[in-house]
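Just the structure for this:
(4 chains)
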Protein chains: 2
Amino acid sequence: MNRNSEKKENIRQIINSLSQILNALNSFSKELMKTFSITGPQLGALRKIAQVQQISLSELSQKMYLHISTVSGIADRLEAAGHIIRRRGTEDRRVVYLSVTDKGKEMIDRAPHSGFGKMVHGLEEIPVEKVQQIQDAIRLLVKMMEVKNNVQ
Amino acid sequence: MNRNSEKKENIRQIINSLSQILNALNSFSKELMKTFSITGPQLGALRKIAQVQQISLSELSQKMYLHISTVSGIADRLEAAGHIIRRRGTEDRRVVYLSVTDKGKEMIDRAPHSGFGKMVHGLEEIPVEKVQQIQDAIRLLVKMMEVKNNVQ
DNA sequence: TTCAAAATATTTGTATACCAAATATATAGC
DNA sequence: GCTATATATTTGGTATACAAATATTTTGAA
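Numbers count the residues shown, from 1 in each chain, chains lettered A, B, ... in the order given. Predicted coordinates:
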């Protein structure tokens, strides 16, 4: 195998490994739903609301990169489950503010933060220099994809 | 910042970077649907079918880790779009084999392989040693997540 | 000041993706 | 041959997602 095809094979395996991570995260999402009776999008919304105490529907839809009607539906289900409350704005009565209830906070604490749990544990076990190397590698990948930083 | 909190920060950033990659891939999936009138799951199924020329519905459902009724529905839509054909097995007439049409093959060629496009391009531009380093790093992450290799 | 335009949410309609249970058909085993 | 098993499809249910239509409130301009 020459130098060039070796590189191609390396690239193929990188994509392959990343695909595996994505698959694992999808499986996680299904497990989450079974175990905690909450979906991925719902938990994501709940966390975003909790971060800022209260947030309008339109702001949340921007943060989640989803249509406002989609987020309105997600809010319906979170409200029905008692995880959030809707409150009409007093100053501007067009606005609806969402905030997390105690039950919602409990859910945030109980539900695993994401499928990254095992990965985090693994990273904690290896030397910091190695962690640093991995960080540099992934950062480079992100740079290549030219993605904006919109994750908190 | 001491050694330990430095490591914690590194780990946080690794998770953050991976989340960014995931977000970018989600955005890609939406773009895909708009531009090529095909969804992520449909394109995924199409590729899996193309890999093996023909495949039964149950085999495909196993490969995709989805319920067979789900895959039956995806096959409905791929068939309606003319991307695949269903063919009853001759030996065992319970089995339905799926195969990709010329139109389906064209779709596979036209649609970007995934959101990884830019990443692949970026990887091709850097020296093989660097690619090797990245590969090692990601492999380690996969190992930590204990994911099975089920991606081709 | 009044009235049209803009902003914010919700509702309605459509499509996809999931799963599970029920059903139909075909094969296999006793 | 008849029952159990295997393979797909259909049906029913929920969630996600978007766009268009609607309702309400605010803003801004004549």
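
Okay, A:Gln51 and chain B: tell me how far apart.
Going from A:Gln51 to chain B by Cβ to the nearest Cβ, to the nearest Å gives 14 Å. Heads up, the C-betas are built off the backbone N, CA and C, glycines and all.

Oops, could you answer that again for A:Asp76 instead?
22 Å.

What segments of chain A are helices?
For chain A, the helices defined by DSSP state H cover A:3-36, A:40-51, A:57-64, A:68-80, A:102-110, A:117-125, A:128-145.

Where among these is average confidence lowest?
With a mean of 77, helix A:3-36 has the lowest mean pLDDT of those.

how deep is A:Ser37 tucked in, by neighbour count?
Counted with other Cβ atoms under 10 Å in any protein chain shown, residues neighbouring A:Ser37 total 11.

for it, what are its contacts?
Under the criterion of Cβ atoms under 8 Å, 6 or more residues apart in numbering or on different chains, the neighbours of A:Ser37 are A:Ala81.

closest to A:Thr90 out of the helices of chain A?
Among the helices of chain A, helix A:57-64 comes nearest to A:Thr90, with 16.0 Å by Cβ to Cβ.

between that closest one and helix A:40-51, how many degrees?
If you take axes from the mean of the first three to the mean of the last three Cα atoms, to 10 degrees, helix A:57-64 sits at 110 degrees to helix A:40-51.

what packs against helix A:57-64?
The contact analysis (3 or more Cβ pairs under 8 Å, 6 or more residues apart in numbering or on different chains; DSSP states H and E) places helix A:57-64 against helix A:40-51, helix A:68-80, strand A:96-100.

can you tell me if the longest one touches DNA strand C.
Yes - using Cβ under 7 Å from any atom of the strand, helix A:68-80 reaches DNA strand C at A:68-69, A:72-73, A:75-76.

In PDB, list the C-alpha atoms belonging to that helix.
The C-alpha trace of helix A:68-80 is given here as PDB (Å, rounded to 0.1, in the frame of the first residue of the first chain):
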ATOM      1  CA  ILE A  68     -41.100  28.400  16.200                       C
ATOM      2  CA  SER A  69     -44.200  26.200  15.600                       C
ATOM      3  CA  THR A  70     -42.000  23.100  16.200                       C
ATOM      4  CA  VAL A  71     -40.800  24.500  19.500                       C
ATOM      5  CA  SER A  72     -44.300  25.500  20.400                       C
ATOM      6  CA  GLY A  73     -45.200  21.800  20.100                       C
ATOM      7  CA  ILE A  74     -42.300  20.600  22.200                       C
ATOM      8  CA  ALA A  75     -43.200  23.200  24.800                       C
ATOM      9  CA  ASP A  76     -46.800  21.800  24.800                       C
ATOM     10  CA  ARG A  77     -45.500  18.300  25.700                       C
ATOM     11  CA  LEU A  78     -43.000  19.600  28.300                       C
ATOM     12  CA  GLU A  79     -45.800  21.600  29.900                       C
ATOM     13  CA  ALA A  80     -48.200  18.700  29.800                       C
END
